[in-house]
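In: model this:
(chains A, B, C and D)
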Protein chains: 2
Amino acid sequence: MSHTPGVRQARKQKTRQALLDAALQLLEGQSLSSLGLREVTRAAGIAPTAFYRHFRSVEDLGVALVGEALGSLHPMIRTTVSSTGDGEERIERAVDLIAGHVDAYPAHVRFIARERHGGVRSVREAIHGQLGLFTAEVGEALGKDAVSAGWSHEDVLMLAQLYVDLMLGTASLLLEGMAGSEAGARERVSRVAARQMRLIGIGRMHWLDQPGGGE
Amino acid sequence: MSHTPGVRQARKQKTRQALLDAALQLLEGQSLSSLGLREVTRAAGIAPTAFYRHFRSVEDLGVALVGEALGSLHPMIRTTVSSTGDGEERIERAVDLIAGHVDAYPAHVRFIARERHGGVRSVREAIHGQLGLFTAEVGEALGKDAVSAGWSHEDVLMLAQLYVDLMLGTASLLLEGMAGSEAGARERVSRVAARQMRLIGIGRMHWLDQPGGGE
DNA sequence: TGTACATCAGTGAACGCGCGTTCACTGATGTAC
DNA sequence: TGTACATCAGTGAACGCGCGTTCACTGATGTAC
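Out: Predicted coordinates:
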């Protein structure tokens, strides 16, 4: 009524998304620091100059991609961490959820794994910041378990970091397994990841047994 | 006598090293997939065309860098893994060795962390291959410990992978800590890494306690 | 030791090409009355 | 509802620039005798 049916705005949003999608696809075979503006606009089907209506630079687009990629990761981590059942069941479910996420958003996973240590500072920092939030969230969930009684906040976070890194590493290995030709790569990776989680879980159970373990 | 004092060969080797060094330095601020041939030769102080006397492409140079970077890592891992003493001492020594390595070869560490998941397939594969050898070596050392009696080969490797990933992750975080401005970042990272190793060590001690733990 | 020839690391000019960015523009959408 | 004007997403020509690669070359080093 008073303003904006927003046809213009909706179209702009659509073009913006086309740029993000095109970039994400092009990034499967290269790093952000070598991705070209013209390359992206060509793949998105618009004139190079229109790029500037949406982003100041490719680097800026990269930061936007971090939000999109880790946004899709967020609910996945939430589900994983809040799942119930005994340790073994939770581990199986976690590994399945990771594998499912890699299937559903392979380009997002690749982007995060690649640019986490990549050549573009602002993107690295954006990823680092988001992963810090995830770690805090995982830590909060872990802290509520009975096993964590008597743990310092610092130790809960160190455990959370261990899990988050393991999840990311596993996701990245699953991705390579998808690309590779060898059969059973995925199963092998999942199996190893489950055992690593199990071992960490065992360490967690006995953390306070050792003198000085939890000080 | 019979052949080659090798003045020519020595000079060629020196130029080759200058190219590798220049590339490594340039890679602190970008990824391999955006590194230019002319950029490298300019930094190395030779004509662009001379590059081809040493490498077929920048990608090829990248593969050579993997050898150099992981060659420097090799003795470090050897030392870490063969050190004696009780668990706590070994952990402290391992963390100190990692920190020392990051100080001594920061560009190597950055290169491996960055290109491990980077945009150049052949370099990724070279890194993956070398890390596989390291994991096998760490696994062999771990397997000799009394704690590993009764462990399957597969489980020893899964543990070795956990340690190798933790070392690499820690090295990368220490590097960021060096670059960043906050005081005490290094100490914090080292402290967390030591605790993560301790927790994994505890998990290792009790691995065979659980029914089905080592099957 | 000296001479004549072969090798080959490094040079410098030249090429065609795609890049990021500027600019004035077009025409559909939005707004005021 | 209709009209006049403002906004602004997307266009297309033009620019200067650095890129990777080719080519014929130079001159120091290596080899044969």
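In: mind listing the helices for chain A?
Out: Ranges of helices in chain A, per DSSP state H, are A:7-26, A:37-44, A:58-82, A:87-104, A:106-115, A:121-144, A:153-179, A:185-205.
In: Figure out which of these is closest to chain B.
Out: helix A:185-205 (3.1 Å; C-beta to the nearest C-beta). Yep, even glycine has a C-beta here, placed from its N, CA and C like the rest.
In: May I see the buried residues of the closest one?
Out: A:185-186, A:189-190, A:192-205 (16 or more other C-beta atoms under 10 Å in any protein chain shown).
In: Least confident of the helices of chain A, on average?
Out: The weakest mean pLDDT among the helices of chain A belongs to helix A:58-82, with a mean of 90.
In: contacting residues for A:A141?
Out: Contact partners of A:A141, counting by C-beta atoms under 8 Å, 6 or more residues apart in numbering or on different chains, are A:81-82.
In: returning to what we had before: pick the most deeply packed of the helices of chain A.
Out: Among the helices of chain A, helix A:106-115 has the highest mean neighbour count (mean count of other C-beta atoms under 10 Å in any protein chain shown), at a mean of 23.
In: got the angle for that helix vs helix B:106-115?
Out: 180 degrees (axes from the mean of the first three to the mean of the last three C-alpha atoms, to 10 degrees).
In: Among the helices of chain A, which comes closest to DNA strand D?
Out: Each of the helices of chain A was scored for nearness to DNA strand D using C-beta to the nearest atom of the strand, and the closest is helix A:7-26 (3.1 Å).
In: what's in contact with the closest one?
Out: By C-beta under 8 Å, 6+ apart, the list of residues contacting helix A:7-26 reads A:35, A:39-41, A:43-46, A:50-51, A:53-55, A:58, A:61-62, A:64-65, A:68, A:107-108, A:111.
In: can you tell me if that helix touches DNA strand C.
Out: Yes: under the criterion of C-beta under 7 Å from any atom of the strand, helix A:7-26 makes contact with DNA strand C via A:7-9.
In: distance between stretch A:181-189 and the chain's centre?
Out: Relative to its parent chain, stretch A:181-189 has a centroid offset of 21 Å by C-alpha atoms, centre = their mean, to the nearest Å.
In: Kindly format the C-alpha coordinates of it as CSV.
Out: Only the C-alpha atoms of stretch A:181-189 are listed here, as CSV (Å, rounded to 0.1, in the frame of the first residue of the first chain):
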residue,chain,number,x,y,z
SER,A,181,37.2,-42.6,-7.7
GLU,A,182,37.9,-45.1,-5.1
ALA,A,183,34.8,-47.0,-3.8
GLY,A,184,34.2,-47.1,-0.1
ALA,A,185,36.2,-43.9,0.6
ARG,A,186,33.2,-42.3,2.3
GLU,A,187,32.5,-45.3,4.5
ARG,A,188,36.2,-45.4,5.6
VAL,A,189,36.2,-41.8,6.4
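In: wait, does that stretch make contact with chain B?
Out: No: contact of stretch A:181-189 with chain B (C-beta under 8 Å from any C-beta of the partner chain) is absent, the minimum separation being 9.3 Å.
In: cool, and stretch A:48-62?
Out: No: remark: stretch A:48-62 sits outside contact range of chain B, by C-beta under 8 Å from any C-beta, the gap being at least 10.8 Å.
In: Repeat that for stretch A:154-168.
Out: Yes: for stretch A:154-168, a contact with chain B is found by C-beta under 8 Å from any C-beta, at A:154-155, A:157-159, A:161-162, A:165-166.
In: For that stretch, which outside residues touch it?
Out: A:77, A:80, A:94, A:98, A:112-113, A:116, A:131, A:134-136, A:138-139, A:142-143, A:148, A:151, A:193, A:196-197, A:200, A:204, A:207, A:214, B:162, B:165-166, B:169, B:192, B:195-196, B:199.
In: What parts of chain A come near DNA strand D?
Out: So chain A meets DNA strand D at A:8, A:11-12, A:14-15, A:46-50, A:53-54 (C-beta under 7 Å from any atom of the strand).
In: try 6 Å this time
Out: Listed as neighbours of DNA strand D in chain A under the rule C-beta under 6 Å from any atom of the strand: A:8, A:11-12, A:15, A:46-47, A:49-50, A:53.
In: Considering the residues you listed, which is situated nearest to B:G180?
Out: Checking these against B:G180 by C-beta to C-beta gives A:R53 as the nearest, at 34.7 Å.
In: Next up, the contacts around that closest one.
Out: Neighbours of A:R53 in contact, by C-beta under 8 Å, 6+ apart: A:12, A:15.
In: For A:T41, see how far away it is.
Out: Separation of A:R53 from A:T41 (C-beta to C-beta, to the nearest Å): 11 Å.
In: same question, A:S181
Out: Applying C-beta to C-beta to A:S181 and A:T41 gives a distance of 34 Å.
In: before we move on, the earlier item: can you narrow the residues of stretch A:154-168 next to chain B to ones near DNA strand C?
Out: Answer for those near DNA strand C: none qualify (C-beta under 6 Å from any atom of the strand).
In: Kindly indicate which of those residues lies nearest DNA strand C.
Out: Among those, and counting by C-beta to the nearest atom of the strand, the member closest to DNA strand C is A:D165, at 32.7 Å.
In: returning to what we had before: any chance of the helices of chain A in a markdown table, plus distance to B:Q25?
Out: Shown next, in a markdown table, are the helices of chain A (distance: least, C-beta to C-beta, whole Å):
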| stretch | distance to B:Q25 |
| --- | --- |
| helix A:7-26 | 28 |
| helix A:37-44 | 27 |
| helix A:58-82 | 21 |
| helix A:87-104 | 35 |
| helix A:106-115 | 21 |
| helix A:121-144 | 17 |
| helix A:153-179 | 27 |
| helix A:185-205 | 35 |
